[in-house]
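# no sequence on this one, just coordinates:
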RNA sequence: GCGGAGGAUGAU
C-alpha cells in the first residue's frame, strides 16, 4: 500500500486540499519522492469525484515541484475535461503537455477525438484523426469502436458499418465492445434480425456477450412490442450466469411499463431489490410513467412517495412525467400546481416540461393558458424548440385559427427552428 | 503497477 497515496486521498476527502498539497511539498523536501503513478491515481480519483478544479490545482503542484508528470498524468485530465464537455480546456491540457516535453500517444488522441465527436464537432474530430494518422499512429480497436459509436449516436448506421469494415480491412479484430456497439446501432435502427446475427457472430468468435449486449437487444425487443423474446433473453442472461445490473432491469421495467404492463414491471422491480441492486431515478421514473400512461395518477403519486422512502431524488423528468399524468387525466389545475411546486423546489423546468404543459392545455381546448405558458417559458430563459412550435401550430389548427397557425409557420421558416 | 470505446427514464 502506498502511504503517500492514502494520506493525500484522506486529506482531500476531508476537504483539506491545501494541507494535502503542503504534505506533497513536504514529502519532496525530505526526499520521500512520491512517484508519478501514485500521483496519477490520485488525479484519477479526483476526476472520478468530479473535483476537476482540485485536480488542476494538484496537477499544477506536480508540474511545479515534481515528480515529473508523464503522458498518463496529462491524459487523465484531458479525459476528465472531455467528460465534462469542456473541449477547450482539454486542448489547453494538451498544449501544456507538449510544452512540458511530453508527447501525446494514441490514447490521448483517442480521448480528444471521442470528445469532439460527442460535442457534435465531427469535422474537427476527423481532422484530429488525420493528424494522428499523419503522426504515424495506427488506429486500434478502441478508436474504431469509438468512431462507430459516434455514428450510432447520430443515427448513421451506414457509416457505422463502413467504419467496422475499414477496421476489419486493417486487420484489427473486433472485441465484445465493438460488437455491442454494432448490436446497439442495429437495434436503434430496428434491424433486429441483423442484431441477432451479430449476437451469433459474438458467440462464434468465442466471445461472451455482456450485459451491455443483452440490454441493447432486450431494449429493442421491448420497444418493438416483442416482450416475449425480451424476457426470454433476460432469462437467458441469468442462465448464462451473467451478473444482472440495474440498467438491464431498468430496460425490462421500462419496456413493460411502455406496454401498459405495470404489474409485471413491478415484479422485476422487486426482483432487482431482492437481488441487492439499488434502484435509481430511471427505474422509478419509468414506473411513474407506466402508471401515468394508464391514467393511474394515484398510483403514480404512490411511486413518487416511494422515491422519498428509498432516498432517490426526484428530477425534472419525474416532475414532467407526473405533470403529463395529470394532463392526461384532465387535471390541469393539479398539473399547474405541480409545476409551481417544482419551481419552488428549485427545479428548472426544461423545454419538455413546458411542451407537456402546453400540449395539456391545448388538448383541454384552453389555448389562452397554453399561450400564457409559452410566454412564461420564453420569459424564463427557455427557448422554444421545434416540438413547442409543432404543439402550438397543432393547437391553432384544432381551434381553427388557421391564420395564427400559418403565421407561426412562416415565423419559424424565417427565424427557425427548422420545421421537421 | 496509472489514462481512452458499448446498454436504461419525460413532450409534439
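Perfect, I can see it now. Nothing here was measured: the structure is a model prediction, and the numbers come from that model.
# Which residues does the helix or strand of chain A with the lowest mean pLDDT contact?
When each helix and strand of chain A is scored by mean pLDDT, DSSP states H and E, helix A:17-29 comes last, with a mean of 80. Contacts to helix A:17-29, defined as C-beta atoms under 8 Å, 6 or more residues apart in numbering, come from residues A:4, A:7-8, A:11-12, A:33-34, A:54, A:57-58, A:61-62, A:65-66. Heads up, the C-betas are built off the backbone N, CA and C, glycines and all.
# could you point out which element follows the helix or strand that contains residue A:370?
Taking DSSP states H and E as the definition, one finds residue A:370 inside helix A:367-378. Moving toward the C-terminus from helix A:367-378, the next helix or strand (DSSP H and E) is helix A:386-398.
# for that next one, packing partners?
Applying 3 or more C-beta pairs under 8 Å, 6 or more residues apart in numbering; DSSP states H and E, we find helix A:386-398 packed against helix A:351-363, helix A:367-378, helix A:402-415.
# Which of these sits closest to residue A:301?
Nearest to residue A:301, of all those, is helix A:351-363, at 16.9 Å by C-beta to C-beta.
# So for residue A:64, what pLDDT did the model give?
Here the pLDDT value assigned to residue A:64 is 88.
# Run the angle between the helix or strand hosting it and helix A:17-29 for me.
If you go by DSSP H and E, residue A:64 is part of helix A:52-65. With axes from the mean of the first three to the mean of the last three C-alpha atoms, to 10 degrees applied, the angle from helix A:52-65 to helix A:17-29 works out at 20 degrees.
# what's the offset of helix A:52-65 from the middle of its chain?
Relative to its chain's centre, helix A:52-65 lies at 28 Å (C-alpha atoms, centre = their mean, to the nearest Å).
# Would you tell me what the next helix or strand after it is?
Counting by DSSP H and E, the next helix or strand C-terminal to helix A:52-65 is helix A:71-83.
# For that following helix, report the contacting residues that lie outside it.
Contacts to helix A:71-83, defined as C-beta under 8 Å, 6+ apart, come from residues A:36-37, A:39-40, A:43-44, A:47, A:52, A:55-56, A:59, A:62, A:87, A:89-90, A:93-94, A:96-97, A:100, A:102-105, A:107-108, A:111-112, A:114-115, A:118.
# tilt between it and helix A:52-65?
On the basis of the same axes, to 10 degrees, helix A:71-83 is oriented at 160 degrees to helix A:52-65.
# how far is the helix or strand following helix A:71-83 from where the chain is centred?
Using DSSP H and E, the helix or strand that directly follows helix A:71-83 along the chain is helix A:87-99. Centroid separation for helix A:87-99 versus its chain: 25 Å, with C-alpha atoms, centre = their mean.
# same question for helix A:87-99, mean pLDDT?
Helix A:87-99 carries an average pLDDT of 95.
# Output the contacting helices and strands for that helix.
So helix A:87-99, by 3+ C-beta pairs under 8 Å, 6+ apart, packs with helix A:71-83, helix A:106-118.
# Who are the packing partners of the last one?
In this structure, helix A:106-118 packs against helix A:71-83, helix A:87-99, helix A:122-134, helix A:141-153, with contacts taken as 3+ C-beta pairs under 8 Å, 6+ apart.
# Distance to RNA strand B and mean neighbour count added to those, as TSV?
TSV is the format used below for the helices and strands packed on helix A:106-118 (distance: least, C-beta to the nearest atom of the strand, whole Å; neighbours: other C-beta atoms under 10 Å):
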stretch	distance to RNA strand B	mean neighbour count
helix A:71-83	3	22
helix A:87-99	9	16
helix A:122-134	9	15
helix A:141-153	3	21
